[in-house]
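Chemist: Here is the input, now give the coordinates:
(one chain, ligands or ions: 1)
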Amino acid sequence: MATGKKLSEISWQEFKALPLAAKGDYFQGIPPHTLIAQQFSRTRLEELCTLATKIKRINKRRDGANFLKTLLSDKRAMLYFAQPSSRTYLSHNAACQILGLDTMDVRDTKTSSEVKGESPEDTIRTFSSYADMIIMRHPVGGFAERVAWMLAHTNREIPVLNAGSGADQHPTQALLDIYTLARSFEKTGGIDGKHIAFVGDLMRGRTVRSLAWLLTLYKDVTLYFVAPEPLQISPDILELLDQAGTQYVITQDFASVMPIADAVYMTRIQDEWDAEGESCTIDTSDFSIGAEHMDILKDTTVIMHPLPRRSEISTDIDNDPRAVYWRQMRNGMWIRAALILTTFGRQDEANQYYDDYKPQA
Ligand code: NCD
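Modeler: Numbers count the residues shown, from 1 in each chain. Down below sits the predicted model:
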């Protein structure tokens, strides 16, 4: 994994100016950080998906679950969530528990010494004194990168895992989305060649921005960006897709995309980023899905959502086998466990156990 590029050997100004792919090279060292979608290769995604399934199977039996709990029982993780979160927080916490890693948390900056005027940098350095890994969500885009860079300039560089930063990146959500797509298309040739539609607030949906990039690693996929014009995907993502040679279509016409999509990735309006409630004036009624659309979708189409949802997915379709968003959420726990295990380089022990005992699905 190590690329030889060290965060400790580059100035923040130089690092900040790098293109995303070049930044990714700095996160593969020891310890590895998980900060942006652009740091992943397809091989790495496949490794993580395979390991996630193994962990899931091993965990099914009590002796397997007990074994998994020994893998990182010498480590502690700090969950620092300076933005609201249910799933991402809980699934990281659950992933840590599966691997026996103890967790501590700060979920509200009002309860940390930041209110006494401590800088976020000093707060993070404090966390690193007690923990072996920081899993963090922060409203400021790029702050997780800054934290990793900063820790690399101390004598305690511990891995940083970005659990959502600003409106920009959500790499671990993109991992669980890839895992869900890969599992959904297991019997139909995998993700290659599939038509994947993103619907809703694509401009500020960080999950979409991270996942769109990961999909460039697959062959012949076509991405459909279906959104009202003011919420359409940003040019910076389209530029990355162009560079990668990934095909895409930009449209407001969800009805025309429904019959051809293999996956429909719904998102909510991210109005927390509004300056003055401007999202309320946008008509989003055509960017939702309900019982009336189920005959238009293919029988094999999967409906995904990073959640939380509002009204863009009707609860009427929750029990349709094509609605995979609850499974998608649970997948997050397994792939995050795989990610955390590989972050500490302990995957060989899980692979060995799997080979020895061959737990079944
Ligand atoms: C997403 C997020 O926080 O970006 N939620 C999540 O992590 N599952 C999506 C959202 O909040 O809409």
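Chemist: What segments of the protein are strands?
Modeler: 76-81, 102-106, 133-138, 160-165, 195-199, 222-226, 247-251, 263-266, 302-304 (DSSP state E).
Chemist: highest average neighbour count across these?
Modeler: Highest mean neighbour count among the strands of the chain (mean count of other Cβ atoms under 10 Å): strand 160-165, with a mean of 27. (C-beta placed from N, C-alpha, C; glycine too.)
Chemist: List of residues touching that one?
Modeler: 33-36, 81, 83, 85, 88-89, 92, 133-138, 140-145, 147-148, 151, 169-173, 206, 339-340, 343 (Cβ atoms under 8 Å, 6 or more residues apart in numbering).
Chemist: for the strands of the chain, which one sits closest to the ligand?
Modeler: Proximity to the ligand (Cβ to the nearest ligand atom) singles out strand 160-165 among the strands of the chain, at 4.8 Å.
Chemist: quick one: average confidence on the closest one?
Modeler: For strand 160-165, mean pLDDT is 97.
Chemist: Any idea how far it is from the middle of the chain?
Modeler: For strand 160-165, the separation from the chain centroid amounts to 9 Å (computed by Cα atoms, centre = their mean, to the nearest Å).
Chemist: then that strand to PDB, C-alphas only?
Modeler: Extracted C-alpha coordinates of strand 160-165, given in PDB (Å, rounded to 0.1, in the frame of the first residue of the first chain):
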ATOM      1  CA  VAL A 160      -7.800   9.600  10.200                       C
ATOM      2  CA  LEU A 161     -11.000   8.300   8.700                       C
ATOM      3  CA  ASN A 162     -13.300  10.900   7.100                       C
ATOM      4  CA  ALA A 163     -16.900  10.200   7.900                       C
ATOM      5  CA  GLY A 164     -18.200  13.100   5.900                       C
ATOM      6  CA  SER A 165     -16.600  16.600   5.400                       C
END
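Chemist: ok, back up a step: can you lay out the strands of the chain as CSV showing distance to W213?
Modeler: Converted to CSV, those look like this (distance: least, Cβ to Cβ, whole Å):
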stretch, distance to W213
strand 76-81, 23
strand 102-106, 29
strand 133-138, 19
strand 160-165, 14
strand 195-199, 12
strand 222-226, 10
strand 247-251, 12
strand 263-266, 14
strand 302-304, 16
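Chemist: now these in JSON lines, with distance to the ligand?
Modeler: Output for those, formatted as JSON lines (distance: least, Cβ to the nearest ligand atom, whole Å):
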{"stretch": "strand 76-81", "distance to the ligand": "10"}
{"stretch": "strand 102-106", "distance to the ligand": "16"}
{"stretch": "strand 133-138", "distance to the ligand": "7"}
{"stretch": "strand 160-165", "distance to the ligand": "5"}
{"stretch": "strand 195-199", "distance to the ligand": "12"}
{"stretch": "strand 222-226", "distance to the ligand": "16"}
{"stretch": "strand 247-251", "distance to the ligand": "21"}
{"stretch": "strand 263-266", "distance to the ligand": "10"}
{"stretch": "strand 302-304", "distance to the ligand": "11"}
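Chemist: returning to what we had before: could you pick out the buried ones from the contacts of strand 160-165?
Modeler: Listed as buried from the contacts of strand 160-165 are 33-36, 81, 83, 85, 88-89, 92, 133-138, 142-145, 147-148, 151, 169-173, 206, 339-340, 343; burial here means 16 or more other Cβ atoms under 10 Å.
Chemist: Could you list which of the residues you listed belong to helices?
Modeler: Using DSSP state H, the subset of those located in helices is 88-89, 92, 143-145, 147-148, 151, 171-173, 206, 339-340, 343.
Chemist: Next to the ligand, which bits of this protein? Give me the list.
Modeler: Within the chain, the positions lying close to the ligand (Cβ under 6 Å from any ligand atom) are R87, T88, G164, H170, Q173, R206, T207, R268, P306, L307.
Chemist: If we use 5 Å, what do you get?
Modeler: By Cβ under 5 Å from any ligand atom, the residues of the chain that approach the ligand are R87, T88, G164, R206, R268, P306.
Chemist: packing partners for the lowest-mean-pLDDT helix or strand in the chain?
Modeler: Least confident helix or strand, the chain: helix 120-130 with a mean of 91, by mean pLDDT, DSSP states H and E. Other elements packing on helix 120-130 under the criterion 3 or more Cβ pairs under 8 Å, 6 or more residues apart in numbering; DSSP states H and E are strand 76-81, strand 133-138, helix 143-152.
Chemist: Just the buried positions in stretch 349-361, please.
Modeler: A350, Y353, Y354, P359.
Chemist: Once you drop chain neighbours, what's closest to the closest residue to the ligand within the stretch 51-200 of the chain?
Modeler: Taking Cβ to the nearest ligand atom as the measure, the point where the stretch 51-200 of the chain comes nearest the ligand is T88, at 4.2 Å. Nearest non-adjacent residue to T88, counting by Cβ to Cβ, 6 or more residues apart in numbering: A163, 5.0 Å away.
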